[in-house]
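K.L.:
My questions concern the predicted model and sequence given below.
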Amino acid sequence: MADQVLTISSLTLRRPDDWHVHLRDGEMLAAVAPYTVRQFARAIVMPNLSPPVTTVAMAQAYRARIVTAAGPDFTPLMTCYLTDGTDPADLIAGFEAGVWVAAKLYPAHATTNSAHGVSDVARIRPVIAAMERAGMVLCVHGEVTDPAVDIFDREAVFLDRVLAPLLRDFPGLRVVLEHITTADAAQFVADGPATLAATITPQHLHLNRNALFADGLRPHAYCLPVVKRERHRLAVRAAAVSGSPKFFLGTDSAPHAVAAKESACGCAGIFNAPHALESYAAVFEAEGALDRFEGFASEHGARFYGRPLNEGTVTLVREPVDVPDRVAGIVPFHAGERLAWRVVG
Ligand code: DOR
Ligand code: ZN
């Protein structure tokens, strides 16, 4: 008799949250929001619109537009885009009023719509000090922008030059290092204080830098921080499935129109919202860690942000799903691939 292999055929999780997403605005917001809502109860919404979301009034108006697009079953958690001119008192007033959940540090020119970001962290020390006192989370795009630093090294150099001194100077500051891509970052976070955590995207679990050049230049595999060598991908995967409460789900779903990606100067960003949970499930299954998926997707982030766990559930079944070439007119992550798990509600 052949050996019987027992495989799980369905997986029900507490409803998860996305702790890092770009929902955009206008028609794009209306087109992409339903994919996030289908899977996630809440999301930390990135503020890198044009112009960026820097004031309480802008955040309230943007939140209202998201609620219109997303409907009543979804809670957007707003972030403030920090600039050299952010006023600490205004920021903390917005946090205490419940408008902001966190603030986002984009080093100026590090990525899409970051031109108004922070030119030097030294300039916002009073803001950081106020956040530390208030217990407001700082979300960090962790890359240096020094053009002399190789793009594949910018995250690791950021840890040494910016993040380590920041944590030393502000030991009470709660920090999420977003979308980690390197063994260095995974180790830094694992070894760091309990006030430090990290989000992990699907693409950094699935792709290494060969994906950028597979049979030609692949703009749809391009995001920032850029995907790295295989050893880094494996370290990030190990962190995601480790069960550590410091690592949690943040898709960094970042849709761009096809023409903006397939261009002589293509935009950074991968639209992974349509099959995000399916994509993460593939990783947890391959790593033999499906029992740790719920912690990563639905518990660790909420605990770090001091929010209640969600009440509802989402179920995935082991049924193939063919990812189309376009979703809402945009090329999604895994376009043209077949995934083994399907979200059924
Ligand atoms: O790939 C990325 N796309 N990385 C970011 O940091 C920003 C994002 C976007 O807004 O398109
Ligand atoms: Zn992002």
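P.N.:
Nice, thanks for sending it over. Ligands and ions are numbered 1, 2, ... in the order given.

K.L.:
Let me know the secondary structure of the closest residue to Val21 other than its chain neighbours.
P.N.:
Leaving aside its sequence neighbours, Val21 sits nearest to Ala43 (C-beta to C-beta, 6 or more residues apart in numbering; 4.6 Å). Every C-beta, even on glycine, is put in place using the N, C-alpha and C of the backbone. Look at Ala43: counting by DSSP: H, G, I helix; E, B strand; the rest coil, its state is strand.

K.L.:
show me what contacts Ala43?
P.N.:
Ala43 makes contacts with 17-21, 23, 36, 74-77, as judged by C-beta atoms under 8 Å, 6 or more residues apart in numbering.

K.L.:
what does this protein put close to ligand 1?
P.N.:
Taking C-beta under 6 Å from any ligand atom as the contact definition, the chain meets ligand 1 at 22, 48, 111-112, 141, 223-224, 254, 268-269.

K.L.:
Go again with 5 Å.
P.N.:
By C-beta under 5 Å from any ligand atom, the residues of the chain that approach ligand 1 are 22, 111-112, 223-224, 254, 268-269.

K.L.:
Now go through those and say which are in strands.
P.N.:
Nothing among these maps onto strands, per DSSP state E.

K.L.:
Now the two most distant members of those residues.
P.N.:
His22 and Leu224 (11.8 Å; C-beta to C-beta).

K.L.:
Show the model's pLDDT score for the residue nearest to Val21.
P.N.:
The model reports Ala43 with a pLDDT of 98.

K.L.:
before we move on, what about Asp169?
P.N.:
Looking at Asp169, the pLDDT reads 98.

K.L.:
ok, it - contacts?
P.N.:
Arg125.

K.L.:
How many residues are close by Asp73?
P.N.:
11 (other C-beta atoms under 10 Å).

K.L.:
so what's the closest residue in space to it that isn't next to it in sequence up against?
P.N.:
Excluding the flanking residues, the one nearest Asp73 by C-beta to C-beta, 6+ apart is Val37, at 6.4 Å. Neighbouring residues of Val37 by C-beta under 8 Å, 6+ apart: 70-71, 73-74.

K.L.:
change it to 10 Å
P.N.:
43, 66, 69-74, 273 (C-beta atoms under 10 Å, 6 or more residues apart in numbering).

K.L.:
Asp25 too?
P.N.:
49-50, 53, 62, 65-66, 69.

K.L.:
And Glu178, by the same measure?
P.N.:
Glu178 sits next to 19-20, 44, 46, 104-106, 139-142, 197-201, 225, 250, 252 when contact means C-beta under 10 Å, 6+ apart.

K.L.:
Check the gap between it and Asp90 for me.
P.N.:
23 Å (C-beta to C-beta, to the nearest Å).

K.L.:
which residues of the stretch 201-345 of the chain fall in strands?
P.N.:
If DSSP state E, counting those that start in this stretch is used as the criterion, the strands of the stretch 201-345 of the chain fall at 247-249, 313-317, 321-322, 338-339, 342-343.

K.L.:
Which one of these lies nearest to Arg154?
P.N.:
strand 247-249 (20.7 Å).

K.L.:
Not counting its neighbours along the chain, what's nearest Ala276?
P.N.:
Ala276 sits nearest to Thr251 (C-beta to C-beta, 6+ apart), 4.8 Å away.

K.L.:
So what's the residue count around the one you found?
P.N.:
Neighbour count of Thr251, defined by other C-beta under 10 Å: 30.

K.L.:
Would you mind giving me the confidence score for it?
P.N.:
99.

K.L.:
How about Ala110?
P.N.:
Looking at Ala110, the pLDDT reads 85.

K.L.:
hang on, it packs against Val149?
P.N.:
No: the pair Ala110 / Val149 is not scored as a contact, 11.4 Å apart, by C-beta atoms under 10 Å.

K.L.:
Find residues that contact each of those two.
P.N.:
143, 158.

K.L.:
Neighbour count: those two, which is higher?
P.N.:
Counting neighbours by other C-beta under 10 Å for Ala110 and for Val149 shows that Ala110 has the greater number, 21 against 16.

K.L.:
That one: what's it in contact with?
P.N.:
Going by C-beta under 10 Å, 6+ apart, Ala110 touches 117-118, 141-145, 154, 158, 224-225, 268.

K.L.:
Farthest-apart pair in these, please.
P.N.:
Spatial extent of the contacts of Ala110 (C-beta to C-beta) is set by the pair Val118 and Ala268 at 18.6 Å.

K.L.:
Who has more neighbours out of these two?
P.N.:
Between Val118 and Ala268, counted using other C-beta under 10 Å, the more crowded position is Val118 (23 against 16).

K.L.:
What are the phi and psi values at the more buried one?
P.N.:
Dihedral angles of Val118 (phi, psi; degrees, to the nearest 10) stand at phi -90, psi 130.

K.L.:
Point out where the stretch 51-200 of the chain drops to low pLDDT.
P.N.:
Residues of the stretch 51-200 of the chain meeting the criterion pLDDT under 70: none.

K.L.:
Quick check: Phe188 touching Ala198?
P.N.:
Yes: Phe188 is within contact range of Ala198, at 8.7 Å (criterion: C-beta under 10 Å).
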